[in-house]
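S.K.: this one's structure only:
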């Protein structure tokens, strides 16, 4: 039943996207994609309902076609409605720690399209990834199962800042930066028996963690 509802909403959302494009009178799928610099195959899949699209793409489409975001994404109101000010919502790729380690490589992971996403409200401008915390090494800040959001554009080291880092083996970890300690990336745990990471080779900063959330 839940799957049928999801499919119905995807189909209805796709139909509204088609209507929005036609109202804008820009042209067909290929011409419209070229005009806005969109991947034509991705856009075609959104219009056909083969792939669903999230709030980030919906905002992009609503702005391009000059229609209401609430109408396009949620099906409420009319295309001409003026949307009230709403919090900025972005879809952030939720990646694994193995994938995070690949980001430290020179020719590492760059395409996140196959990863699931998690929505985040009012994140600052940046290049964000999300990871699910495993273990107790940072439980003063992020208990196990927390979701952390790391900005890949922010790699400047600040004392007591929290970072996702990787060593030369591709092992990624989440630690607090303590420049006077060795190594400088340390746990922040209530468990005093947890040892600092044993990094192999040089350490690459993947991004600074600026948010940690957990469902109660």
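M.R.: Cool, got the structure. If you're wondering where the values come from, they're calculated on a predicted model, not measured in any experiment.
S.K.: pretty sure residue 181 is touching residue 196, no?
M.R.: Yes - with contact taken as C-beta atoms under 8 Å, residue 181 and residue 196 are classed as touching, separated by 7.5 Å. No exception for glycine: its C-beta is placed from N, CA and C like everyone else's.
S.K.: Give me the more crowded residue out of those two.
M.R.: Neighbours were counted for residue 181 and for residue 196 using other C-beta atoms under 10 Å; residue 196 has more, 16 against 11.
S.K.: Surely the more buried one forms part of a helix?
M.R.: No - per DSSP: H, G, I helix; E, B strand; the rest coil, residue 196 lies outside any helix segment and is coil.
S.K.: Identify the residues contacting it.
M.R.: 175, 181, 183, 185, 186, 187 (C-beta atoms under 8 Å, 6 or more residues apart in numbering).
S.K.: The fifth one pairs with what?
M.R.: Using DSSP bridges, the bridge partners assigned to residue 186 are residue 176.
S.K.: Next, the distance between the ends of stretch 123-134.
M.R.: With C-alpha to C-alpha, to the nearest Å as the measure, stretch 123-134 spans 23 Å from end to end.
S.K.: And the pLDDT for the residue in the chain sticking out farthest from the centre?
M.R.: Most distant from the centre of the chain: residue 193, at 33.2 Å, with distances by C-alpha atoms, centre = their mean. The per-residue pLDDT reported for residue 193 equals 94.
S.K.: neighbours of residue 32, just the number please.
M.R.: By the criterion of other C-beta under 10 Å, residue 32 has 20 neighbours.
S.K.: Could you double-check that it lies in contact with residue 43?
M.R.: Yes - Residue 32 is within contact range of residue 43, at 7.3 Å (criterion: C-beta under 8 Å).
S.K.: Can you spell out which helices and strands pack onto the lengthiest strand in the chain?
M.R.: The residue-count maximum for a strand in the chain (DSSP state E) belongs to strand 204-213. Judged by 3 or more C-beta pairs under 8 Å, 6 or more residues apart in numbering; DSSP states H and E, strand 204-213 is in contact with strand 128-132, strand 147-151, strand 162-166.
S.K.: Which secondary structure elements does the last one sit against?
M.R.: It refers to strand 162-166. Contacts defined by 3+ C-beta pairs under 8 Å, 6+ apart place strand 162-166 against helix 97-102, strand 147-151, strand 172-177, strand 204-213.
S.K.: Same list (the ones you listed) but as CSV, adding mean pLDDT.
M.R.: Formatted as CSV, the helices and strands packed on strand 162-166 follow (pLDDT from 0 to 100):
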stretch, mean pLDDT
helix 97-102, 89
strand 147-151, 97
strand 172-177, 98
strand 204-213, 96
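S.K.: Turn those into TSV, including mean neighbour count and distance to residue 119.
M.R.: Below are the helices and strands packed on strand 162-166 laid out as TSV (neighbours: other C-beta atoms under 10 Å; distance: least, C-beta to C-beta, whole Å):
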stretch	mean neighbour count	distance to residue 119
helix 97-102	18	19
strand 147-151	22	11
strand 172-177	22	21
strand 204-213	19	11
